[in-house]
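K.L.:
sequence-free structure coming up:
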């Protein structure tokens, strides 16, 4: 299975880069993982709604150009899954010939409506709010957990 993580912005903190790298390494046993980091639009300190919308539209075009296969947009209004359900979803995609999945994490302002509307699924990891940087590490961990569940590994308890 090919898993693409399409993110806006880079991981700035070393501890976040290290945590992501650990799950990236672990996932090599289960899938091909690629990461595409897109530049975040520069906005003033207190951007207007119009400036935010224009930035999201610009980021959205770059995101959609980078996506392949099924598109799963991480957004607050998305559906939440238990880890076992998430594992079953990825397994279902693979068994139905959808072997390429692109997970999309937007900037701190989220994702454009164009990206959300093009997505095959809207996914929320929690009702809580996370930074997009922490969301990347949490998503990598949950993808790893999903493969462990599917393969009968001992990681998931």
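P.N.:
Happy to help now that I have it. As the structure is a computational prediction, the values presented were derived from the model and not from experiment.
K.L.:
Tell me the secondary structure of residue 88, please.
P.N.:
In three-state terms, and counting by DSSP: H, G, I helix; E, B strand; the rest coil, residue 88 is helix.
K.L.:
Do you know the pLDDT at it?
P.N.:
Taken from the predicted model, the pLDDT recorded for residue 88 is 96.
K.L.:
And for the one 4 residues further on?
P.N.:
On the pLDDT scale, residue 92 is placed at 93.
K.L.:
Quick check: it vs residue 153, distance?
P.N.:
The gap separating residue 92 from residue 153 is 19 Å, by C-beta to C-beta, to the nearest Å. In this view, the C-beta of every residue, glycine as well, is placed from N, C-alpha and C.
K.L.:
okay, the two: which has more neighbours?
P.N.:
Each of residue 92 and residue 153 has its neighbours counted (other C-beta atoms under 10 Å); residue 153 has more, 13 against 10.
K.L.:
Quick one: residues contacting the more buried one.
P.N.:
For residue 153, the contacting residues are residue 147, by C-beta atoms under 8 Å, 6 or more residues apart in numbering.
K.L.:
does residue 115 sit in a helix or strand, and which one?
P.N.:
Following DSSP states H and E, the helix or strand that holds residue 115 is helix 113-118.
K.L.:
by contact count, what packs against that helix?
P.N.:
Helices and strands in packing contact with helix 113-118 are listed as helix 49-66, strand 70-79; criterion 3 or more C-beta pairs under 8 Å, 6 or more residues apart in numbering; DSSP states H and E.
K.L.:
Mind listing the strands the helix or strand that comes right after it pairs with, and their directions?
P.N.:
Sequence-wise, the next helix or strand downstream of helix 113-118 (DSSP H and E) is strand 121-123. Applying DSSP bridges to the sheet, strand 121-123 is found paired with strand 70-79 (parallel).
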